[in-house]
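In: Return atomic coordinates for the entry below.
(one chain, ligands or ions: 1)
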Amino acid sequence: MARTPLMAGNWKMNLDHHEATHLVQKLAWTLKDAKHDYSQVEVAVLPPFTDLRSVQTLVDADKLDIRYGGQDLSMHTAGAYTGEISPVFLAKLGCTYVAVGHSERRQYHGEDEAVTNAKVKNALAHDLVPILCVGEELEVRKAGNHVSHTLAQLDGGLQGLTAEQVAGLVIAYEPVWAIGTGEVATPDDAQELCGAIRARIAELYDQSTADAVRVLYGGSVKSGNVAAIMAKPDVDGALVGGASLDAEEFAKIVRFQS
Ligand code: PEP
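Out: All right, here's what the predicted structure looks like:
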């Protein structure tokens, strides 16, 4: 089955709403100049919550094909949850995607499988596509447990979901030791885990669900390494942090160009 690759830029806690507007405009112009075909490679950005309205205004006004989403969401929908962001708000702002269980959420906010699972379900309940992030820390890899660790995170995140729901998900394999470190996994490392994730979904559900789900690699992706990673059969795109803050660099990544 043909899966449309997805290149998603995770801006993390960078760029205010003015800078966000500028970056999206520059990205759109750069991709237009390159005659980018968005039906061949989908492009998304995950700005801070406070930038979403600016990004939406620009995307709507200029009829851009760039999609956008949140970097997190609440497991609740409304009520006394100070500081939380409801999926209702994200959906109203035109978000397509929302990242769930990013390693920085797991590390700094103690999000475990129960939390990521609740967030995945809440996103789906409001027609947002979760980008479920999984991946191992360096010690886990050194001990040779990276596959079982990552698949346990996957199993936890998918608890109670139907095959139809899983088929529409995006899973991002992000080895923690490669995030923001400049230390990139080899294309074979990326394939090993992206393939293992797909195989696990086939085991838990069925082959057509596994063939439909998009599995991204994330961790120090740059224009210089993207082509080799994207050449792997089970890698359907990239979740890009630092390099997505530079429009020209991210446009090259979107086009798998060095
Ligand atoms: C990320 O934050 O998801 C990420 C992959 O970051 P970076 O590309 O900077 O390693």
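
In: And the strands in this structure?
Out: Remark: strands assigned in the chain by DSSP state E are 6-10, 42-46, 67-70, 97-100, 129-134, 170-173, 214-218, 237-240.

In: List of residues touching the second one?
Out: By that I understand strand 42-46. Strand 42-46 is contacted from outside by 4-11, 23-24, 27, 31, 36, 55, 65-71, 96-99, 131, 237, 244, 254, using C-beta atoms under 8 Å, 6 or more residues apart in numbering. Bear in mind the C-beta positions are built from the backbone N, C-alpha and C, glycine included.

In: I only care about the residues you listed that end up buried; give me the PyMOL line for that.
Out: Those of those that count as buried under 16 or more other C-beta atoms under 10 Å are selected in PyMOL with:
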select buried, resi 5+6+7+8+9+10+11+23+24+27+31+36+55+66+67+68+69+70+71+96+97+98+99+131+237+244+254
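
In: Keep only the contacts of strand 42-46 that also lie close to the ligand.
Out: With C-beta under 6 Å from any ligand atom as the criterion, the contacts of strand 42-46 include Asn10 near the ligand.

In: Please convert the strands of the chain to JSON lines, extending it with mean pLDDT.
Out: Listed next are the strands of the chain as JSON lines, based on pLDDT from 0 to 100:
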{"stretch": "strand 6-10", "mean pLDDT": "98"}
{"stretch": "strand 42-46", "mean pLDDT": "98"}
{"stretch": "strand 67-70", "mean pLDDT": "98"}
{"stretch": "strand 97-100", "mean pLDDT": "98"}
{"stretch": "strand 129-134", "mean pLDDT": "98"}
{"stretch": "strand 170-173", "mean pLDDT": "98"}
{"stretch": "strand 214-218", "mean pLDDT": "98"}
{"stretch": "strand 237-240", "mean pLDDT": "98"}
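
In: quick one: low-confidence ranges for the stretch 151-258 of the chain?
Out: Within the stretch 151-258 of the chain, no range satisfies pLDDT under 70.

In: brain fart, the stretch 1-150 of the chain
Out: In the stretch 1-150 of the chain (pLDDT under 70), the answer is 1.

In: how close does Gln257 sit to the ligand?
Out: As defined by C-beta to the nearest ligand atom, to the nearest Å, Gln257 lies at a distance of 17 Å from the ligand.

In: Counting neighbours, what do you get for that residue?
Out: For Gln257, the tally of surrounding residues (other C-beta atoms under 10 Å) stands at 12.

In: Looks like it contacts Ser223 (just checking).
Out: Yes - at 6.1 Å, Gln257 counts as touching Ser223 under the criterion of C-beta atoms under 8 Å.

In: need the contact list for the residue of the stretch 151-258 of the chain found nearest the ligand.
Out: Proximity to the ligand, evaluated over the stretch 151-258 of the chain using C-beta to the nearest ligand atom, is greatest for Gly241 at 2.1 Å. If a contact means C-beta under 8 Å, 6+ apart, then Gly241 has 9-10, 12, 179-180, 218 as its contacts.

In: quick one: which of those is nearest Pro87?
Out: Nearest to Pro87 among the contacts of Gly241 is Asn10, at 17.9 Å by C-beta to C-beta.

In: Is that closest one bridged to anything, and to what?
Out: Leu46 (DSSP bridges).

In: That one is in contact with His102, isn't it?
Out: Yes - taking contacts as C-beta under 8 Å, Asn10 lies within contact range of His102: 7.3 Å.

In: Quick check: neighbours shared by those two?
Out: Counting by C-beta under 8 Å, 6+ apart, the residues touching both Asn10 and His102 are Gln71.

In: could I have stretch 182-201 exported to CSV, CA atoms only?
Out: Only the C-alpha atoms of stretch 182-201 are listed here, as CSV (Å, rounded to 0.1, in the frame of the first residue of the first chain):
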residue,chain,number,x,y,z
GLY,A,182,23.4,15.8,16.5
GLU,A,183,23.7,12.0,17.1
VAL,A,184,21.6,10.5,14.3
ALA,A,185,20.6,6.9,14.2
THR,A,186,21.9,5.1,11.1
PRO,A,187,19.3,4.5,8.4
ASP,A,188,19.5,0.8,9.4
ASP,A,189,18.8,1.7,13.0
ALA,A,190,15.7,3.7,11.9
GLN,A,191,14.6,0.8,9.6
GLU,A,192,15.0,-1.8,12.4
LEU,A,193,12.6,0.0,14.7
CYS,A,194,10.2,1.4,12.1
GLY,A,195,10.0,-2.1,10.7
ALA,A,196,9.5,-3.6,14.2
ILE,A,197,6.7,-1.1,14.9
ARG,A,198,4.9,-2.1,11.8
ALA,A,199,5.4,-5.8,12.5
ARG,A,200,4.0,-5.3,16.0
ILE,A,201,0.9,-3.5,14.6
